[in-house]
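# Everything below, folded, please.
(one chain, ligands or ions: 1)
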Amino acid sequence: MKQKYFRILSVIFLSAILLSATLLNLNCQKKLKDFNVVVIVIDTLRSDKLDAYGYEKITAPFLTELSKKSILFENTFSASSWTSPATASIFTSLYPFQHNVLMGLLAHINAKKKFPDIKIDRIPEEIETMPEVFKKAGYATYAISDNFNIGDKQGFDQGFDKMITYGYKGAEQVNSDLFSWKEEIEKNGKYFLYLHYMDPHGPYHAREPWYKDPGNRKLEPLVAYDSEINYVDSYIKKAYEKFGWDKNTVIVVTADHGEGLWDHGRQGHGYSLYREEIQVPLIIHFPGGAEGKRVIPNVSTIDILPTLRDIIGLKKSDKDEGWSLLPLINGEEEKFKNRYLFTYLWKRIEIVKEIKSTIYRNFHFQNRIPKKKELFNLLLDQKEKKNLYFKMFKTAKKMERQFEKFFNNCKTYKKDSVNYKLNKERLEKLKTLGYVQE
Ligand SMILES: [Zn+2]
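Residues are numbered from 1 along each chain as shown. Purely as a prediction, here's the structure:
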């Protein structure tokens, strides 16, 4: 008899625990459902230039402070090394050869000289973009982009209640517009906000008080690049404090792509898929989200959208090519360790150029079509100087095959494009910024 009572009591006790755990869980989900979502993209920011990622200089004290309260992904790769394809991948959770936004506005302008009929790539309407996902979920949706490419011409405005785009006015201007919208953004409850800061994109400004003359002309642009990071970091801090994003907000900080700083002979981006052009920061902050955790396995910027859906409690989409990183945050590393990630660059300026790259564990395979194939060990050769393609032919081939298999079988969307002409004034401005080559 005693035993029977004991059994009944145990069942009641266990049920009570299960019920309270479920309620707690529901409670948690409900709360996050009402959270704001802020996605901040810092153009051209390579992760190894941030002190939070081990850089010897303090370039972003605010992001370091934020990362201590957040989850920092140590090995995040962009889907491309150009603004438009890379940002379209963040917006769609698709690789560039799937959404087919392959070149930005300025690249099109340059290509037009050689190919007069070339049109401008747009995100196809049939793809549900990140702002559209949040609009549908009842969010007020706002965006400020300081990169000329990220605007209505290429379809980045889809799903935003309000979006403003300009061409490199700097973080001070972004914040000034943002602050003037504050009341409007906050008045209807939860909001989705996309901020695309342009600093530290070239031409690099020597930002005071951070810029210190290195007394060496070769080092000047490198020191200026660093000072641009300090500059944008200080403005992100101001926005964070002004809006109180430490409460009721999920924040993602990342970059569209990195920057070659003469690592492989060139300065800039959109030239290659070497690590310096594709490895970007990724910091995700949400209350209760494993504060100070640093995640090692490779992830992609196409993972941001499914992760946000998961954190907020929105329905998963089988159209997302990326993976939710929530299981990884919760320690389920195994399947992430064996994942193949891809990056892609396609351009038609003088001739058509295509670069395909695969990241798998600590290896990076780059296929510069038609003939240059390279394999690097990301752990032992961080600067990617030692090509192991012939030495580790089997590994390279396997990675190449994985890319081709995915490339040939994945779902792709019909290319959407429009004719577009820049007005004279805008063209002149872009020339002075060094965007348009004569
Ligand atoms: Zn960019």
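# Spell out which parts of the stretch 51-200 of the chain neighbour the ion.
T83 (CB under 5 Å from the ion). (C-beta placed from N, C-alpha, C; glycine too.)
# in the stretch 51-200 of the chain, which spans are helices?
Counting by DSSP state H, counting those that start in this stretch, one finds helices in the stretch 51-200 of the chain at the ranges 61-68, 83-92, 96-99, 105-112, 130-136, 171-180, 182-187.
# Tabulate those (TSV), appending mean neighbour count.
Output for the helices of the stretch 51-200 of the chain, formatted as TSV (neighbours: other CB atoms under 10 Å):
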stretch	mean neighbour count
helix 61-68	18
helix 83-92	30
helix 96-99	24
helix 105-112	20
helix 130-136	21
helix 171-180	17
helix 182-187	12
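# With mean pLDDT added, can I get those helices in CSV?
Output for the helices of the stretch 51-200 of the chain, formatted as CSV (pLDDT from 0 to 100):
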stretch, mean pLDDT
helix 61-68, 97
helix 83-92, 98
helix 96-99, 98
helix 105-112, 83
helix 130-136, 98
helix 171-180, 98
helix 182-187, 97
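# between the ones you listed, which one is nearest to Y344?
helix 96-99 (4.7 Å; CB to CB).
# quick one: contacts of that closest one?
79-80, 85-86, 88-89, 92, 102, 123-124, 127, 321, 344-346, 407, 410-413 (CB atoms under 8 Å, 6 or more residues apart in numbering).
# Emit the ChimeraX select command for whichever of those residues are buried.
Those of these that count as buried under 16 or more other CB atoms under 10 Å are selected in ChimeraX with:
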select :79,80,85,86,88,89,92,102,123,124,127,321,344,345,346,413
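# I'd like to know which of the helices of the stretch 51-200 of the chain lies nearest to D199.
helix 171-180 (5.5 Å).
# Which neighbouring elements make contact with that closest one?
strand 140-145, strand 191-197, helix 220-243 (3 or more CB pairs under 8 Å, 6 or more residues apart in numbering; DSSP states H and E).
# most neighbours per residue, which of those?
Mean neighbours per residue, mean count of other CB atoms under 10 Å, is largest over the helices and strands packed on helix 171-180 for strand 191-197, with a mean of 25.
# Leaving out the residues flanking it, which one is nearest to the closest residue to the ion within the stretch 151-300 of the chain?
Residue of the stretch 151-300 of the chain nearest the ion, by CB to the ion: D256 (4.2 Å). Leaving out its chain neighbours, the residue that sits closest to D256 by CB to CB, 6 or more residues apart in numbering is A86, at 4.3 Å.
# I'd assumed H257 was in contact with that neighbour.
Yes. Counting by CB atoms under 8 Å, A86 touches H257, with 4.8 Å between them.
# Just give the number of residues close to W245.
A count of nearby residues for W245, using other CB atoms under 10 Å, gives 19.
# so which strand or helix has L328?
helix 326-329 (DSSP states H and E).
# Kindly report the same for T44.
Applying DSSP H and E, one finds T44 in no helix or strand.
# wait, what's in contact with it?
Counting by CB under 8 Å, 6+ apart, T44 makes contact with 200-202, 255-259, 269.
# I'd like these laid out as JSON lines, including secondary structure and neighbour count.
Below are the contacts of T44 laid out as JSON lines (DSSP: H, G, I helix; E, B strand; the rest coil; neighbours: other CB atoms under 10 Å):
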{"residue": "P200", "secondary structure": "coil", "neighbour count": "28"}
{"residue": "H201", "secondary structure": "coil", "neighbour count": "24"}
{"residue": "G202", "secondary structure": "coil", "neighbour count": "18"}
{"residue": "A255", "secondary structure": "coil", "neighbour count": "28"}
{"residue": "D256", "secondary structure": "coil", "neighbour count": "30"}
{"residue": "H257", "secondary structure": "coil", "neighbour count": "30"}
{"residue": "G258", "secondary structure": "coil", "neighbour count": "26"}
{"residue": "E259", "secondary structure": "coil", "neighbour count": "22"}
{"residue": "H269", "secondary structure": "coil", "neighbour count": "27"}
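# who touches the closest residue to the ion within the chain in this structure?
Using CB to the ion, the single residue of the chain nearest to the ion is T83, 3.1 Å away. Going by CB under 8 Å, 6+ apart, T83 touches 43, 104, 147, 149-150, 256-257.
# do you know how far it is from V39?
15 Å (CB to CB, to the nearest Å).
# hmm, back to that, ok, now how distant is the residue of the chain closest to the ion from F156?
10 Å.
# again, but for V418
Relative to F156, and taking CB to CB, V418 is found at 13 Å.
# The two: which is more packed in?
More neighbours surround F156 than the other of V418 and F156, with 28 against 11 (other CB under 10 Å).
# All set, thanks.
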